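**Q** sequence below, structure please.
(2 chains)
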Protein chains: 2
Amino acid sequence: MINISDLQTPCLLLELRKLNANLDRMAQRVDALGVRLRPHAKTAKSIDVLDRALGSGTGGITVSTLREAEYFLDHGITDILYAVAIAPAKLATAADLMRRGADLKILVESAETARIVSTEGRRAGLRYKAFVEIDSDGHRAGVRPASAELLEVADALDGVGAELSGVLTHAGSSYHCDDTAEIARIAASEREAVVRSAEFLRQAGHSCPEISLGSTPTITFASDLAGVTEARVGVYMFQDLVMAGLGVCAVEDIALSVLATIIGHRRDTGAPIIDAGWMALSRDRGTSMQKIDQGYGIVCDELGAVLPDMIVVAANQEHGIVGRRDGGMIDPSLFPVGKRLRILPNHACATAAAHDAFHVVGPDGTVEAAWPRCRGW
Amino acid sequence: MINISDLQTPCLLLELRKLNANLDRMAQRVDALGVRLRPHAKTAKSIDVLDRALGSGTGGITVSTLREAEYFLDHGITDILYAVAIAPAKLATAADLMRRGADLKILVESAETARIVSTEGRRAGLRYKAFVEIDSDGHRAGVRPASAELLEVADALDGVGAELSGVLTHAGSSYHCDDTAEIARIAASEREAVVRSAEFLRQAGHSCPEISLGSTPTITFASDLAGVTEARVGVYMFQDLVMAGLGVCAVEDIALSVLATIIGHRRDTGAPIIDAGWMALSRDRGTSMQKIDQGYGIVCDELGAVLPDMIVVAANQEHGIVGRRDGGMIDPSLFPVGKRLRILPNHACATAAAHDAFHVVGPDGTVEAAWPRCRGW
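**A** Numbers count the residues shown, from 1 in each chain, chains lettered A, B, ... in the order given. Sure, this is the predicted structure:
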């Protein structure tokens, strides 16, 4: 049995108890809202995590790359929604995954792409299942809800080379709210945009079986998802400081951290310097736009207890500089070289991406497993 | 023979002609300054790139992780300086690399660590070669130049389990200058700090054979490196937008880019959306502190010609939103779905880290090779 003191630093830790609690909480939440959970694999990129997120359900997953789709198919998950608008040159890879058994759903956001997908499906002798992307909050791609363009895109899916699976949206603006009431309002408009779009398509004679939406903030604070069939959420598995800043979780719910070792000190402030820089923590400064800027992350002791008012104030490639929020002096004798600390991430997706595996740990620092991650495109 | 149009996106491109020109320019510069070049592998993490950077020389390299040291040793490079202050728990790995033939140099920044290194060297039956880190600009770790503490650290290297190889500094503040005259001043103080420290140690009876310094900006603008023995530089191989903003290179010198495909458009501005988000471009916003903020990177056409006033204005995990600097409308018919673009990186180290290989390309878009990168710690 190995312990975290046996691990080389920097490395990624995942607290199993917190992961399980986060998974349970969201499963209950989605169940109470009366929709299916389609967990987003982009944060974890790990079959061990996604198997747990699916639980006893037979539901599918969401992916952000075809590399993820391939990886999860290789591990036995077939119901996969690739929730980034498809580039035509990626259709051959999508077809290959379908021939290998994937029940793959792709995303289109224009009539132009829908026509290409239909043509390529006929040419390949298969039928692509396509969701149409709805822009519910003006933050990215997609057609306007219940618009003439939406109908044009649906019509361009010819029913032979491609069929309409449903409508999909993601209220990315929910990451930039000032309070949870605002998140709840965005959740309502996210729902309204896709439910209205699906009704519009159905009135025009289209079958539109699925209505898919979600983000961890909106699903956490939605009061009503009537009409919606599935919720896509990813970061809830680990949670992070951006989510804590939004009020989506408590800092204590964050299951992910980077284990680091003190390698020196600043001579002026006594501040410890750790061997986790932005290469291990990521360059993500998502909390810089929030009420409390967490620097490059909150500092905890080796077992994960938060050290009051200590954050990583600066980062070089392989150096992190720990500091007090108030910029005050630190007694370096409390932080000797060799001592280990954990850093909670601003953004779990970005921090996890810097590492090839999760070291799964118990509350006493026992390392119970190493779960590999997939990577690339 | 494959062409970039055969590559799946997003992926990392490396223009061989620009790489070679950047390598030649720095080799000549360092030669003219009368010092040895010890290229830093942290940017490229590729034996193919480092072999070219070393050229016909028999010199060594710098690394930022012991994983890099192991990788380059596996590929035949033995003279390796690990230029991050050593954590005691990493000494066993360092010893293993030395037993396997590495002429490894490590870095210490306190008497406490120097004593541990000496003790562990005796215990392992080998002699660690140690540089002492000098803080030449107050930006990170290290002892003050020519200080009592420097002498204390050198004295703590006992000559049996550890020996003093020299002094080392890195003027990281050179990345935050407003003009090249300021970089030149920092280069002078970087040199002064280590040369004075070495003289101080020699007067105290220490042999201090090596004086090591460098950063791409300071070596580019140093007028005199008298007394210095070696220069450590890394990002010059590829250059990037931060270096261009500092005046270290021209935008046209940047050898690295991310190839991306247009997958949709914003309905409000007509702006194309590409399949390279921060996962492929990195979250590094290094130019946000400079006179010209380049967003998530300058946009070029498929063959690398810069498109005037187009940058990646925003990024989600797998989406990049292209825009005009002035926020103006874009005719989406000029940027159809499927068209490809190249994005020049803010920070080559961070962008390259998001990818597992360089696709080496010629001026006509021919893909000449794929060079793998190492990763992790």
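**Q** does the longest helix anywhere in chain A reach chain B?
**A** As assigned by DSSP state H, the longest helix anywhere in chain A is helix A:180-203. No. Shown here: helix A:180-203 not in contact with chain B (Cβ under 8 Å from any Cβ of the partner chain), separated by at least 13.2 Å. Any C-beta I mention is one placed from the backbone N, CA and C, and that applies to glycine too.
**Q** same check, this time on stretch A:297-305
**A** No. Stretch A:297-305 does not reach chain B (Cβ under 8 Å from any Cβ); its nearest approach is 12.5 Å.
**Q** quick one: mean pLDDT over that stretch.
**A** For stretch A:297-305, the mean per-residue pLDDT is 98.
**Q** what's the answer for stretch A:271-288, then?
**A** Regarding stretch A:271-288, the rounded mean pLDDT is 97.
**Q** and stretch A:358-373, by the same measure?
**A** pLDDT averaged over stretch A:358-373 gives 97.
**Q** now swap in stretch A:244-255 and tell me
**A** Across stretch A:244-255, the average pLDDT comes to 98.
**Q** buried set for that stretch?
**A** Neighbour counts using 16 or more other Cβ atoms under 10 Å in any protein chain shown place A:244, A:245, A:246, A:247, A:248, A:249, A:251, A:253, A:254, A:255 of stretch A:244-255 among the buried residues.
**Q** now the end-to-end length of that stretch.
**A** Stretch A:244-255 has an end-to-end distance of 12 Å (criterion: Cα to Cα, to the nearest Å).
**Q** from the middle of its chain, how far away would that stretch be?
**A** 15 Å (Cα atoms, centre = their mean, to the nearest Å).
**Q** with stretch A:180-195 instead?
**A** Using Cα atoms, centre = their mean, the offset of stretch A:180-195 from its chain centre is 19 Å.
**Q** before we move on, what about stretch A:62-79?
**A** The answer for stretch A:62-79 is 15 Å, by Cα atoms, centre = their mean.
**Q** can you check stretch A:46-62 too?
**A** On Cα atoms, centre = their mean, the centre of stretch A:46-62 falls 14 Å from that of its chain.
**Q** what does that stretch contact?
**A** A:14, A:19-20, A:23, A:27, A:36-42, A:44, A:71-72, A:75, A:77-81, A:83, A:103, A:230, A:232, A:234, A:237, A:358, A:360, A:369, A:371-374 (Cβ atoms under 8 Å, 6 or more residues apart in numbering or on different chains).
**Q** if we go to 7 Å?
**A** A:23, A:27, A:36-41, A:44, A:72, A:75, A:77, A:79-81, A:83, A:232, A:237, A:358, A:371-373 (Cβ atoms under 7 Å, 6 or more residues apart in numbering or on different chains).
**Q** narrow the residues you listed to those in strands?
**A** Those of the contacts of stretch A:46-62 mapping onto strands are A:36, A:37, A:79, A:80, A:81, A:83, A:358, A:371, A:372, per DSSP state E.
**Q** and these, which are buried?
**A** A:36, A:37, A:80, A:81, A:83, A:358, A:371.
**Q** nearest to residue A:187, of these?
**A** The closest of those to residue A:187 turns out to be residue A:37 (Cβ to Cβ; 15.7 Å).
**Q** name the nearest residue to that closest one, sequence neighbours excluded.
**A** Nearest residue to residue A:37 in three dimensions, chain neighbours excluded: residue A:30, at 4.4 Å (Cβ to Cβ, 6 or more residues apart in numbering or on different chains).
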